[in-house]
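>>> Structure for the following, please:
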Amino acid sequence: MGLDDKIKNEAQEATGKAKEELGDATDNERLEAEGKADQAEAAFKKAGERVKDTAEDVKDAFKP
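Residues are numbered from 1 along each chain as shown. Here you go, the predicted structure:
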């Protein structure tokens, strides 16, 4: 993944955390759940990035 994708994922995670905290502070369950969902989506994307990066490392290890 490119650097711009990583930055977008970090921003999504931070936004999700803010939504969750704001929802918790205001007793807004919908906003809190939306924040948790944003964080989960960002974490899923990060996991995909790590898999791709690892695959690239393995591929590079077998280059002559």
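
>>> Going by C-alpha atoms from here, please, whenever you check contacts or count neighbours.
Will do.

>>> How many neighbouring residues does residue 48 have?
For residue 48, the count of nearby residues is 13 (other Cα atoms under 10 Å).

>>> got the end-to-end distance for stretch 21-39?
Taking Cα to Cα, to the nearest Å, stretch 21-39 runs 12 Å from one end to the other.

>>> contact partners of it?
Here stretch 21-39 makes contact (Cα atoms under 8 Å, 6 or more residues apart in numbering) with 12-20.

>>> mind giving me CSV with the residues you listed and columns for distance to residue 41?
As requested, these are arranged in CSV below (distance: Cα to Cα, whole Å):
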residue, distance to residue 41
12, 8
13, 8
14, 12
15, 12
16, 9
17, 12
18, 15
19, 14
20, 14
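
>>> Dump the residues you listed to JSON lines, plus neighbour count.
JSON lines is the format used below for those (neighbours: other Cα atoms under 10 Å):
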{"residue": "12", "neighbour count": "19"}
{"residue": "13", "neighbour count": "21"}
{"residue": "14", "neighbour count": "16"}
{"residue": "15", "neighbour count": "16"}
{"residue": "16", "neighbour count": "24"}
{"residue": "17", "neighbour count": "19"}
{"residue": "18", "neighbour count": "17"}
{"residue": "19", "neighbour count": "23"}
{"residue": "20", "neighbour count": "24"}
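
>>> Cool, thanks, signing off.
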